[in-house]
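Chemist: Sequence first, predicted coordinates after that:
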Amino acid sequence: MAHNPPFRKDTFKTCQPNIILNEKAEDATISTPTTTSDAASTTSVNAPPTEERLLLPASRRSFSDKICHIVHINTSTVGDYVAEELSVKKLNSIHDWLWLAGRPGTPRSLSYQQSSSREIIIDERADIHLVWVPGRMFLKPIPRYLLDHDFWTRHITSQDTHMSALGFLRSYVALIQYESDFRIAKEKHLIPDYVTWEAWVDFVDQFLGLGDLTTKVNKRYHYGELRLSRLNKVCWIQGRVRGHKFPYQTYGEMLSMNMAPIGAATVYIAIVLTAIQVGLATPQLANNSAFQQASYGFTVFSIIAPAGFTVAVLIVIFFLFIYNWRATMKTRQPDAENRQK
């Protein structure tokens, strides 16, 4: 089923460099002799037409036997690639909990993000788009193919992919409101270099002219910015060991980050224990049985709690180590079988 693109065919056509690039590619093909091996490799790639190929990444990741491989994007997999590239199924699976991580509505502009001391970090994963941590905002740049009218009609044909694409573009309509936002987007390479401010304004006018798209975009885009720490907690509650995006790079970093609260708690406990000692030295509290019991309970708690929390953190780290070790061994097993063959 075909879905109409949210902009006219000529919106970005006047500023796209594809035709010039194609002419250069054709000239290079004519002037450069092609060897037999080159011809064979070109045929085996089964690449999309030159103009369309320039809209796509150089390669894609594919998982086989739980091992990541870098593979070509060929004509038979373009639609599948786009569907996978724009997929936000991880966030859709926890949609009922997204209210804990962010507010419904559209994201705030790029200039607001910078004024909030958030550094813009590029991440090509759609389910990390508009996710933030203190001091950083993760954004997926607009792929070239989403601004190409012909590409929409050829490859964005499924309902799910169309809704994801519309939602993604709507997020940028909100992010780039002012010319200052446009300059930030250019500086951070969030939009293709050939897009002009005039073309962007024309695109936004057409997009907003479609009316309320709330029911036509993927439900993930019913929310704007999402806080990563809360997304991770929701995923951990649901049994996803690594959360939505694992926040630690090493086990040592994980240990130090989780031990910091113990240090702060220890200072508070020390203050309370000092106050208890002072209280027990006064006649009014020295013979007060309720205060005696409270002092006894808190003293035992102050001994057990930090040790228990530390042990719990170490157990979690050990569990993650075993989890990662088992995953590594599973990926090594096919290699061992291939070597035996």
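Modeler: Received the coordinates, thanks. Numbers count the residues shown, from 1 in each chain.

Chemist: Can you measure across stretch 245-258, start residue to end residue?
Modeler: Between the start and the finish of stretch 245-258 there is a gap of 17 Å, counting by Cα to Cα, to the nearest Å.

Chemist: Now do the helices in the stretch 1-150 of the chain.
Modeler: Listed in chain order, the helices of the stretch 1-150 of the chain (DSSP state H, counting those that start in this stretch) span 18-31, 36-45, 50-53, 78-85, 89-92, 110-115, 149-155.

Chemist: For the last one, name the packing helices and strands.
Modeler: Okay, so that is helix 149-155. Helix 149-155 makes packing contacts with helix 50-53, helix 78-85 when contacts are defined by 3 or more Cβ pairs under 8 Å, 6 or more residues apart in numbering; DSSP states H and E. To be clear about C-beta, it is placed using only N, CA and C from the backbone, and glycine gets the same treatment.

Chemist: which other helices and strands contact the last one?
Modeler: On a contact count with 3+ Cβ pairs under 8 Å, 6+ apart, helix 78-85 meets helix 149-155, helix 159-175.

Chemist: if you set the cut-off to 6 Å instead, what comes out?
Modeler: helix 149-155 (3 or more Cβ pairs under 6 Å, 6 or more residues apart in numbering; DSSP states H and E).

Chemist: ditto for the first one
Modeler: Identification of packing neighbours for helix 50-53 by 3+ Cβ pairs under 6 Å, 6+ apart yields helix 18-31.

Chemist: could you give the mean pLDDT of the helix it packs on?
Modeler: For helix 18-31, the mean per-residue pLDDT is 43.

Chemist: Start at 4, not 1
Modeler: Okay, residue one is now 4; in that scheme the one you just asked about reads as helix 21-34.

Chemist: quick one: low-confidence ranges for the stretch 4-153 of the chain?
Modeler: Scanning the stretch 4-153 of the chain for pLDDT under 70 picks out 4-5, 17-53, 66-70.

Chemist: Please point out which parts of the strand or helix carrying Ala263 sit buried.
Modeler: Counting by DSSP states H and E, the secondary-structure element that holds Ala263 is helix 254-283. By neighbour count with 16 or more other Cβ atoms under 10 Å, helix 254-283 contains the buried residues Met257, Asn261, Ile272, Ile279, Gly282.

Chemist: Leaving aside the residues adjacent along the chain, what's closest to the last one?
Modeler: Spatial nearest neighbour of Gly282, excluding adjacent residues (Cβ to Cβ, 6 or more residues apart in numbering): Leu288 at 4.3 Å.

Chemist: wait, that neighbour sits on Gln280?
Modeler: No. With contact defined as Cβ atoms under 6 Å, Leu288 and Gln280 do not form a contacting pair (10.6 Å).

Chemist: For Glu55, give its distance to Leu283.
Modeler: Using Cβ to Cβ, to the nearest Å, one obtains 80 Å as the distance from Glu55 to Leu283.

Chemist: Equivalent analysis for Val220, please.
Modeler: Counting by Cβ to Cβ, the gap between Val220 and Leu283 amounts to 64 Å.

Chemist: go on, Ala289?
Modeler: 6 Å.

Chemist: repeat for Ala315
Modeler: Using Cβ to Cβ, one obtains 31 Å as the distance from Ala315 to Leu283.

Chemist: Could you check how sure the model is about stretch 154-171, as an average pLDDT?
Modeler: Averaging pLDDT along stretch 154-171 gives 93.
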